[in-house]
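Visitor: take this sequence and fold it.
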Amino acid sequence: MARLPRLALAGHAHWLLQRGLSGRPVFVDDIDREAYLAALREAAAASSVRLHAFALADDAVHLVLTPAEADGPSRLMQALGRRYVSAHHRRHGGHGTLWDGRFRCAVVEPGASLLAVLLLVDGLAPAPGHSSAAHRSGRPERRVPLVDPPEVWTLGNTPFERETAWRRRLDEGLPAGQRAALLDSVRGNWAVGSPAFARGLAESVARPTRPRPRGRPARADGAR
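Guide: So this is what the prediction gives:
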């Protein structure tokens, strides 16, 4: 089956996932993570993307961003790959790629879907400082410039109210089923949002934006 073109649109929020090759760690320690964030800061500026969230797990990276141009996510990840992989090899030895093929990318519907993705990504950190959770919880993120989308501003009228609301949501987390469905979407390069949002995207990009139902299509009444 031919590989679907990556779903990427200017001006829309995107959730990017890049995993380590064969599940191997891509970050050995916090020195590696700081090197990645330094590369991310430069690559984001050069690629004209606004960063909203990040999580640096031992074996994977999650980013939420809005590109000014459709090729922004690809340019960002290419620049990150060149700088971070070479720095990783200089420090630890080795050669070749650290990553498991192409990065995954899901376009996210504004509103509740984007808030859910931000919440999931902020909560993926294996340890404090490994994600953007602190940025929305009252401790500014100074390593990379993060921009809150308008949805975050609906959580309260003051910074204190918004930070308190975000900490509460982080403590509660997402329902297991919703969390699994969101992760399936980004792994499959699908749209995240309502059926109407996915249909609208499909019409504009001329490719499926959600997985097709399993099994045979239903037959019309009387069909043999």
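
Visitor: state which helix of the protein is the longest.
Guide: The longest helix of the chain (DSSP state H) is helix 72-92.

Visitor: give the contact list for the nearest residue to P208 once chain neighbours are set aside.
Guide: Distance criterion Cβ to Cβ, 6 or more residues apart in numbering; nearest residue to P208, sequence neighbours excluded, is A202 at 6.2 Å. (Glycine included, C-beta is placed from N, CA and C.) Going by Cβ atoms under 8 Å, 6 or more residues apart in numbering, A202 touches 208-210.

Visitor: neighbours of P5, how many?
Guide: 10 (other Cβ atoms under 10 Å).

Visitor: quick check, pLDDT for the closest residue to it other than its chain neighbours.
Guide: Spatial nearest neighbour of P5, excluding adjacent residues (Cβ to Cβ, 6+ apart): R207 at 6.1 Å. Predicted confidence (pLDDT) for R207: 79.

Visitor: what's the burial count for R207?
Guide: 12.

Visitor: contacting residues around the nearest residue to A87 once chain neighbours are set aside?
Guide: The spatially closest residue to A87, leaving aside those adjacent along the chain, is A35, at 5.1 Å (Cβ to Cβ, 6+ apart). Contact analysis of A35 by Cβ under 8 Å, 6+ apart lists 84, 87-88, 91.

Visitor: out of those residues, which are buried?
Guide: 84, 87-88 (16 or more other Cβ atoms under 10 Å).

Visitor: how about the one helix or strand in the chain whose mean pLDDT sits lowest: buried residues?
Guide: For the chain, counting by mean pLDDT, DSSP states H and E, helix 195-205 ranks last in confidence among helices and strands (a mean of 89). For helix 195-205, the neighbour count (16+ other Cβ under 10 Å) marks 197-198, 201, 205 as buried.

Visitor: and of those residues, the nearest to D184?
Guide: Using Cβ to Cβ, A198 is the member of the buried residues of helix 195-205 that sits closest to D184, with 13.5 Å.

Visitor: relative to D122, how far out is the closest one?
Guide: 24 Å (Cβ to Cβ, to the nearest Å).

Visitor: so who does L76 touch?
Guide: By Cβ under 8 Å, 6+ apart, the neighbours of L76 are 43-44, 47, 49, 65, 67.

Visitor: let's see 6 Å
Guide: 43, 47, 49 (Cβ atoms under 6 Å, 6 or more residues apart in numbering).

Visitor: CSV for the residues you listed, including pLDDT and distance to H14?
Guide: Formatted as CSV, the contacts of L76 follow (pLDDT from 0 to 100; distance: Cβ to Cβ, whole Å):
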residue, pLDDT, distance to H14
A43, 96, 14
S47, 95, 12
V49, 97, 9
